[in-house]
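Chemist: Fold the stuff below for me.
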Amino acid sequence: MDGSEKNGSLLIVLLTIAVLGTLARGKHAFSQDEKIEFESEFDSENRVTKIFVPAEKGVVKLSDISTSLLKYAEIDLGEIELPDWIASSRSIDFSRFAARISLRATDIALGNGIDFEIDQASDRLIVKIHHDLLGARFRATKDRMRNLILGLDSDESWKRQFGLTLDEWIFPDDAERLKNEEMKERIVFSKKRLCIFVHGLNSRSSMMKPLAEMIKKEGFAVGYFDYPNDDKISRSAFLFSEELKKHQVRFPTQKISIIAHSMGGLVARNAIEDSRLDSGNVDQLIMICTPNQGSNLAKLAIGQDVWEHYAAGADVVPSLSRLKSSLADGVNEAATDLTPDSKFLSELNKLPRNKGVRYTSLLGNNGSINEDQVGALAKKIEKWSLDSKWVKLVTENGLKKIEDFTEIIEGKGDGVVAVEAAALKGVDDVKVFGVTHRSMWTSPKDESSIDLYRSVIDRLR
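Modeler: Numbers count the residues shown, from 1 in each chain. Below you'll find the predicted structure:
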């Protein structure tokens, strides 16, 4: 499963189990009660997983169906017992017409993301999981919830926080109203190279102002692109493309350099490497700590965006406003896209580099902990998992070993993005600095931050 499926799979699985629980009518005396190993197969072309659940004369244990679905969601319960209403010998008799009709109704209710087929010849239930349909359904549900809440009132001020803004020039809609002096300023502005700053996840472009101010002193024009920072990256890229195309109409000869931090580099890449989005006026992309191959830490970002806005606005902004602000930013869609091997990253990295663009990748390797600390922490986690079945459940289900999180290890990552995960085919201008993921913005006077700033300016000249 990629990131989008993992984020939605557990909710869908629990819903499926709950629905099937209503079909389980009575108890059946099965000839065997030992644990069953479930067979499964994956159709890579159609992206469909089949799980085969054994039956006995058309009767299937509810616990067997539940366990097979939980295994799909990569939840291995180990020693933790299922709830009584699942673990009991309750069963579903698919030889009954009513059960088959109810099963078909369950298929329809689940939107064909998960469906069921009775294989009478081999006496088993086939659970089909359509990965793309499941991921799309989960995202569509989040979109509907988000749009519903954002549309509760007519105030759409949240939309105005997104888009391209320029430091030096604010142009009227009607060019004919420009006075001579304003026209001169417009000509001067258009002759400068425009450097557009693009922020990363759970951030704003204003964070990048220390570097922007230094670049302005070098004679470059500066702009900022803000976008819903936890929305789908492809949707943010479309917004960026629209802004770049509008700018190209107003300033047709001006060339643009994009300076993008973290996920902003992926937004920029999508906007210039997808031929349908490319505005044609960008000839340079400088990526700073961009996770071109994803980040394992994205798996831990669930709920982060809502918390960010509630924590920042506590006792200041009304609750509904804070909720709307968080939803305007997106509901964890970006974190889904940032997961290694996500569908978004797979499709983006198949695109060729834009031949008209110079690429640079500037990275950090000042991770949070060193190798010795990693070893000590790994031993603690191992001990905790022996002492607590719940810690064991977490560590054995989807959470990689701490030593595999190279993002946080000193010398291997910046605390969020691993050096190896920033690699991008066709990009040879790569330089590593002793910075953390955000220290170049939070500590702009540090020597390592200044070195990174100078490298950016050198590449603009």
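Chemist: and residue 361, what does it touch?
Modeler: Each residue near residue 361 by C-beta atoms under 8 Å, 6 or more residues apart in numbering is listed here: 287, 290, 292, 422, 424, 427, 429, 430, 431. For the C-beta atoms, the positions are set from N, CA and C on the backbone; glycine is no exception.
Chemist: any idea how far residue 249 is from the fourth one?
Modeler: Meaning residue 422. Residue 422 sits 34 Å away from residue 249, going by C-beta to C-beta, to the nearest Å.
Chemist: cool, and the first one?
Modeler: Counting by C-beta to C-beta, the separation of residue 287 from residue 249 is 27 Å.
Chemist: Looking at residue 422 and residue 249, which is more packed in?
Modeler: Using other C-beta atoms under 10 Å as the criterion, residue 422 and residue 249 rank with residue 422 on top: 26 against 9.
Chemist: okay but the more buried one is in contact with residue 363, surely?
Modeler: Yes: the criterion here is C-beta atoms under 8 Å, and residue 422 meets it with residue 363 at 5.2 Å.
Chemist: okay, and the common contacts of those two?
Modeler: 289, 430.
Chemist: Could you pull up the mean pLDDT of stretch 343-353?
Modeler: Across stretch 343-353, the average pLDDT comes to 94.
Chemist: Let's test this: mean pLDDT of stretch 96-111, rounded?
Modeler: Averaged over stretch 96-111, pLDDT sits at 69.
Chemist: who's residue 126 bridged to?
Modeler: residue 52, residue 117 (DSSP bridges).
Chemist: residues near it, how many?
Modeler: 14.
Chemist: residue contacts, it?
Modeler: 50, 51, 52, 53, 116, 117, 118, 119.
Chemist: Residue ranges in the stretch 351-461 of the chain under the pLDDT threshold?
Modeler: Applying pLDDT under 70 to the stretch 351-461 of the chain flags residues 374-403.
Chemist: how about the helices in it?
Modeler: Ranges of helices within the stretch 351-461 of the chain are 371-387, 389-395, 439-442, 447-460, based on DSSP state H, counting those that start in this stretch.
Chemist: for stretch 189-204, how far is the first residue from the last?
Modeler: 24 Å (C-alpha to C-alpha, to the nearest Å).
Chemist: buried stuff in it?
Modeler: Going by neighbour count (16 or more other C-beta atoms under 10 Å), the buried part of stretch 189-204 is 189-190, 192-203.
Chemist: Quickly check those for the two that are furthest apart.
Modeler: Across these, the longest distance by C-beta to C-beta is 33.8 Å; it joins 190 and 202.
Chemist: what about the strands in the stretch 101-250 of the chain?
Modeler: Here the stretch 101-250 of the chain has its strands, by DSSP state E, counting those that start in this stretch, at 114-119, 124-130, 163-166, 194-198, 221-226.
Chemist: Need the winner for burial among those.
Modeler: strand 194-198 (a mean of 26; mean count of other C-beta atoms under 10 Å).
Chemist: That strand - contacts with which helices or strands?
Modeler: Judged by 3 or more C-beta pairs under 8 Å, 6 or more residues apart in numbering; DSSP states H and E, strand 194-198 is in contact with helix 209-217, strand 221-226, strand 256-261, helix 263-273.
Chemist: can I get those in CSV with mean pLDDT and distance to residue 164?
Modeler: Putting the helices and strands packed on strand 194-198 into CSV (pLDDT from 0 to 100; distance: least, C-beta to C-beta, whole Å) gives the following:
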stretch, mean pLDDT, distance to residue 164
helix 209-217, 94, 14
strand 221-226, 94, 5
strand 256-261, 97, 10
helix 263-273, 97, 12
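Chemist: among these, which is nearest residue 283?
Modeler: Ranking these by proximity to residue 283 (C-beta to C-beta) places strand 256-261 first, at 7.1 Å.
Chemist: Please name the strands paired to that closest one in the sheet, noting orientation.
Modeler: Note on strand 256-261: by DSSP bridges, its sheet partners are strand 194-198 (parallel), strand 282-288 (parallel).
Chemist: Out of the ones you listed, flag the one nearest residue 334.
Modeler: Nearest to residue 334 among these is strand 194-198 (13.1 Å), distances taken as C-beta to C-beta.
Chemist: wouldn't residue 199 be in contact with residue 259 here?
Modeler: No: Residue 199 is beyond contact range of residue 259, at 10.3 Å (criterion: C-beta under 8 Å).
Chemist: can you list residues touching both of those two?
Modeler: With C-beta under 8 Å, 6+ apart, residue 199 and residue 259 have common neighbours residue 208.
Chemist: re the thing from before, among the contacts of residue 361, name the buried ones.
Modeler: Burial by neighbour count, judged by 16+ other C-beta under 10 Å, picks out 287, 290, 292, 422, 424, 427 from the contacts of residue 361.
Chemist: I'd like these as TSV, with distance to residue 133 appended.
Modeler: Converted to TSV, the buried ones among the contacts of residue 361 look like this (distance: C-beta to C-beta, whole Å):
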residue	distance to residue 133
287	33
290	30
292	28
422	32
424	30
427	35
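Chemist: Can you pick out the most distant pair from these?
Modeler: Spanning the widest gap among the buried ones among the contacts of residue 361 are 290 and 427, at 9.9 Å by C-beta to C-beta.
Chemist: Return stretch 58-72 as PDB; C-alpha atoms alone will do.
Modeler: This file holds the C-alpha atoms of stretch 58-72, laid out as PDB (Å, rounded to 0.1, in the frame of the first residue of the first chain):
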ATOM      1  CA  GLY A  58     -20.400 -21.600   2.700                       C
ATOM      2  CA  VAL A  59     -20.100 -20.500   6.300                       C
ATOM      3  CA  VAL A  60     -17.300 -18.000   7.200                       C
ATOM      4  CA  LYS A  61     -16.200 -16.900  10.700                       C
ATOM      5  CA  LEU A  62     -16.600 -13.200  11.300                       C
ATOM      6  CA  SER A  63     -13.300 -13.300  13.200                       C
ATOM      7  CA  ASP A  64     -11.500 -14.800  10.100                       C
ATOM      8  CA  ILE A  65     -12.800 -12.000   7.800                       C
ATOM      9  CA  SER A  66     -11.900  -9.400  10.400                       C
ATOM     10  CA  THR A  67      -8.400 -10.700  10.900                       C
ATOM     11  CA  SER A  68      -7.700 -10.900   7.100                       C
ATOM     12  CA  LEU A  69      -8.800  -7.300   6.700                       C
ATOM     13  CA  LEU A  70      -6.700  -6.100   9.600                       C
ATOM     14  CA  LYS A  71      -3.700  -7.800   8.100                       C
ATOM     15  CA  TYR A  72      -4.400  -5.900   4.900                       C
END
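Chemist: average model confidence for that stretch?
Modeler: What stretch 58-72 shows for mean pLDDT is 73.
Chemist: now do stretch 121-138
Modeler: Mean pLDDT, stretch 121-138: 74.
Chemist: do the same with stretch 275-288
Modeler: In this model, stretch 275-288 has an average pLDDT of 97.
Chemist: For it, buried residues please.
Modeler: Those would be 277, 278, 279, 281, 282, 284, 285, 286, 287, 288, for stretch 275-288 by 16+ other C-beta under 10 Å.
Chemist: Distance to residue 412 added to the residues you listed, as JSON lines?
Modeler: What follows is the buried residues of stretch 275-288, written out as JSON lines (distance: C-beta to C-beta, whole Å):
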{"residue": "277", "distance to residue 412": "33"}
{"residue": "278", "distance to residue 412": "34"}
{"residue": "279", "distance to residue 412": "36"}
{"residue": "281", "distance to residue 412": "37"}
{"residue": "282", "distance to residue 412": "31"}
{"residue": "284", "distance to residue 412": "28"}
{"residue": "285", "distance to residue 412": "24"}
{"residue": "286", "distance to residue 412": "22"}
{"residue": "287", "distance to residue 412": "18"}
{"residue": "288", "distance to residue 412": "18"}
